[in-house]
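Q: Have a look at this fold, sequence not included:
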């Protein structure tokens with residue numbers, strides 16, 4: 001329904017169905033086409049060495065090209081054991097190479113190849129909203145998703161949109177399905193107008209060597225993950 005709404009609004013859509021593609025989740029030496037198999041793989045260095053010529057496996061290049069083509073990327077997945085499924089984490093591990101997920105030099109967190117693009121998590125969970133509230137047994141959903149939003153999306157420079165979290169998706173009567181379907185359609189209608197999460201930028205709010213919040217910011221920041229959100233930019 002998300003792709004259907006986007007196309008109805010005049011957008012072009014590409015879809016990567018990782019299970020249908022049988023996407024390889026394991027990041028290994030075969031991902032580097034110029035790597036000497038007699039040598040051990042030092043992944044960050046191998047990635048940096050391959051970046052200039054994009055000397056990566058064909059399936060990695062194909063997925064990177066989709067991301068570079070897109071103005072917005074949606075990561076849709078069920079929440080399994082408080083994270084994305086292994087196949088999608090493998091996609092991140094393999095596709096976010098040097099030159100794509102991070103630069104070989106310069107700032108990250110709000111800077112990088114993905115600046116100017118939007119990204120959003122669409123997460124299907126079995127539990128109700130109360131399970132993932134501030135007092136919920138599973139912890140606040142924004143905290144659970146922080147490593148994905150901040151670490152996997154903001155790090156390479158995306159404008160990260162508030163997550164679209166769909167609850168009790170493993171048992172749904174028609175009325176609830178219709179309601180959630182409309183919620184998804186509305187999020188697609190606002191994909192390019194909704195304000196992103198105002199995460200702090202590495203180049204502006206953190207020290208150069210220790211990469212800690214500057215003293216004047218940390219002194220007034222709330223504890224935990226919320227310290228890395230600049231409320232003044234909302």
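A: Structure's in. What do you need? If you're wondering where the values come from, they're calculated on a predicted model, not measured in any experiment. Numbers count the residues shown, from 1 in each chain.

Q: So which residues of this protein form helices?
A: 2-8, 18-21, 43-51, 58-69, 86-95, 141-146, 174-189, 202-205, 215-218 (DSSP state H).

Q: Just send those helices back as JSON lines, with distance to residue 107, mean pLDDT and mean neighbour count too.
A: Bear in mind the C-beta positions are built from the backbone N, C-alpha and C, glycine included. Shown next, in JSON lines, are these (distance: least, CB to CB, whole Å; pLDDT from 0 to 100; neighbours: other CB atoms under 10 Å):
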{"stretch": "helix 2-8", "distance to residue 107": "31", "mean pLDDT": "95", "mean neighbour count": "15"}
{"stretch": "helix 18-21", "distance to residue 107": "30", "mean pLDDT": "97", "mean neighbour count": "12"}
{"stretch": "helix 43-51", "distance to residue 107": "16", "mean pLDDT": "92", "mean neighbour count": "17"}
{"stretch": "helix 58-69", "distance to residue 107": "20", "mean pLDDT": "98", "mean neighbour count": "15"}
{"stretch": "helix 86-95", "distance to residue 107": "20", "mean pLDDT": "98", "mean neighbour count": "18"}
{"stretch": "helix 141-146", "distance to residue 107": "20", "mean pLDDT": "95", "mean neighbour count": "19"}
{"stretch": "helix 174-189", "distance to residue 107": "30", "mean pLDDT": "91", "mean neighbour count": "14"}
{"stretch": "helix 202-205", "distance to residue 107": "4", "mean pLDDT": "92", "mean neighbour count": "16"}
{"stretch": "helix 215-218", "distance to residue 107": "16", "mean pLDDT": "94", "mean neighbour count": "12"}
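
Q: right, and those helices - which one's nearest residue 37?
A: Residue 37 lies closest, by CB to CB, to one member of the helices of the chain: helix 43-51, at 11.8 Å.

Q: and this protein, what are its domains?
A: Following automatic domain parsing, the chain resolves into domains at 2-197, 198-234.

Q: List the buried residues in the shortest one.
A: Put plainly, it is domain 198-234. 199-202, 205-206, 213, 217, 221, 225, 228-230 (16 or more other CB atoms under 10 Å).

Q: Find the residue at the geometric middle of the chain.
A: For the chain, the residue nearest the mean C-alpha position is residue 153 (3.8 Å; CA atoms, centre = their mean).

Q: Okay, residue 91 and residue 157: tell me how far apart.
A: Look at residue 91 and residue 157: by CB to CB, to the nearest Å, they are 18 Å apart.

Q: what's the answer for residue 190, then?
A: Taken as CB to CB, the span from residue 190 to residue 157 is 21 Å.

Q: Neighbour count: those two, which is higher?
A: Taking other CB atoms under 10 Å, residue 190 and residue 157 do not tie; residue 157 has more neighbours (23 against 11).

Q: does that one really touch residue 107, like I thought?
A: No - applying CB atoms under 8 Å, one finds residue 157 not in contact with residue 107, separated by 9.1 Å.

Q: I'd like the helices of the chain laid out as a markdown table, including distance to residue 31.
A: Output for those, formatted as a markdown table (distance: least, CB to CB, whole Å):
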| stretch | distance to residue 31 |
| --- | --- |
| helix 2-8 | 28 |
| helix 18-21 | 16 |
| helix 43-51 | 8 |
| helix 58-69 | 6 |
| helix 86-95 | 6 |
| helix 141-146 | 27 |
| helix 174-189 | 33 |
| helix 202-205 | 27 |
| helix 215-218 | 38 |
